[in-house]
Structures are given as C-alpha cells and as structure tokens.
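Peer 1: A structural model of the following input is requested.
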Amino acid sequence: MWSQPLLNHAQTFAVNVHPGELHFNSAHFITFDNSCENLHGHNFHLRIQAYGDNNEDAFVIDFVQLNRLAAEICSGLHDKVLLPGKSDEVAIKKSGGQLEVSSYDKVFSLPAGNCLILPVANTTAEMIAWYIMESLLPKLEACAALTHVKTLEVAVEEADHQWGICRRVIHSGGD
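Peer 2: Here you go, the predicted structure:
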C-alpha cells in the first residue's frame, strides 16, 4: 500500500489552471519601431501556474479559489479595448463619453466605457500578463491563499502558441 510521500524542501509541486473559463476577448494595439499597429482584437487565453510546497492538505493552492479569482479578472478585461496608460508614445484624452487616443499616424475615437486603461507602457501580451499578476496577487493575499506558493506564473496566449509570461517569486527558498 502507498503511503503519503515524505515532503522535503528538495521537492516542488505545481498547480496549473488554464483555458476554459480563463479567457477574454479584447482589442489592443502596440507601438514599436516608432510606429503604431492597427487596432485589432484577440481571443486571449490565460494560464496560471503556482509552484511551491504542499500544505497539510497536500496541495499548493486551491484550484477552485485560484480559478474563481482569475475568472473575475478576465471578466473585467472582456470586451474592452486595452490601452497603455503609461506610454510616452500614446496620448489619451477624454472628451465627454469618448476617449481620443493618438499615436504616431493613428487617431482612434472610442467610447470610454468600452476601454480599460492599464498602468503599462505597452499592451503587449507580457504586460497584460503583468497586469493580471498585479490584479491577482492582492486577491490571493486577502484570502491567505499564497502561504505555500513560492512562485506564481501568469501566461497570456494572444494567438495559438504565442504566450506572454510574467513570473513572480512570492516566497524564496529560505522562507
């Protein structure tokens, strides 16, 4: 008969939640090489991995809780135009219920309620992953879900097999 494996610090366990409920459809553009892409949309998919030690119940983090909190964040991004709020290359001005967004040779007039201004310099998949990480961590901390998590990784799939990833060390090995 199998017994509970001995848990020691030489082992790391992981929990992985990914596409299913964790997706959102959003539009964005990125700036690069002194130019601005056309506004376009994606069916973004999210994957979250938590690495760490097992707790007394033999899990790193509760799948259900992690999935629920991540789905809340995805819901806030869904059907939005994602705009970079910290870009030197993009100007955003509000006029009534509209946002006028300009960058290089492009000018977009968008309903403000359909937009989400992110605290990033560019709305790349990597920075969207960072934004989701920054949004997720306080939610996980508030429900004491990070106790056994050493590293958390958020990955955003923009197109098939193209992921932007943000990885954060939560607790170092010495904790």
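
Peer 1: which one is residue 125 nearest to, not counting chain neighbours?
Peer 2: residue 164 (2.6 Å; Cβ to Cβ, 6 or more residues apart in numbering). Any C-beta I mention is one placed from the backbone N, CA and C, and that applies to glycine too.

Peer 1: Looking at stretch 135-149 now, give me its mean pLDDT.
Peer 2: Averaged across stretch 135-149, the pLDDT comes to 87.

Peer 1: With only the CA atoms kept, save it in CSV.
Peer 2: Output of stretch 135-149 as CSV, limited to C-alpha atoms (Å, rounded to 0.1, in the frame of the first residue of the first chain):
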residue,chain,number,x,y,z
SER,A,135,-4.5,42.3,-10.0
LEU,A,136,-4.5,38.6,-8.8
LEU,A,137,-1.9,38.9,-6.0
PRO,A,138,-3.9,41.1,-3.7
LYS,A,139,-6.9,38.9,-4.1
LEU,A,140,-4.9,35.8,-3.2
GLU,A,141,-3.2,37.6,-0.3
ALA,A,142,-6.6,38.7,1.1
CYS,A,143,-7.7,35.1,1.4
ALA,A,144,-4.4,33.8,2.6
ALA,A,145,-4.0,31.6,-0.5
LEU,A,146,-0.3,32.2,-1.0
THR,A,147,1.1,30.5,2.1
HIS,A,148,2.7,27.6,0.3
VAL,A,149,3.3,29.3,-3.1
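
Peer 1: give me the number of residues near residue 107?
Peer 2: For residue 107, the count of nearby residues is 11 (other Cβ atoms under 10 Å).

Peer 1: ugh, wrong one, I meant residue 159
Peer 2: Each residue near residue 159 was counted by other Cβ under 10 Å, and the total is 11.

Peer 1: pLDDT wise, what is it at?
Peer 2: 90.

Peer 1: List the contacts of it.
Peer 2: With contacts taken as Cβ atoms under 8 Å, 6 or more residues apart in numbering, residue 159 has the following neighbours: residue 42.

Peer 1: Which strand residues bridge it?
Peer 2: Legend: beta-bridge partners of residue 159 under DSSP bridges are residue 162.

Peer 1: circling back: quick one: residues contacting the residue nearest to residue 125.
Peer 2: 124-129, 155-156, 158.

Peer 1: So it versus residue 171, what's the distance?
Peer 2: 24 Å (Cβ to Cβ, to the nearest Å).
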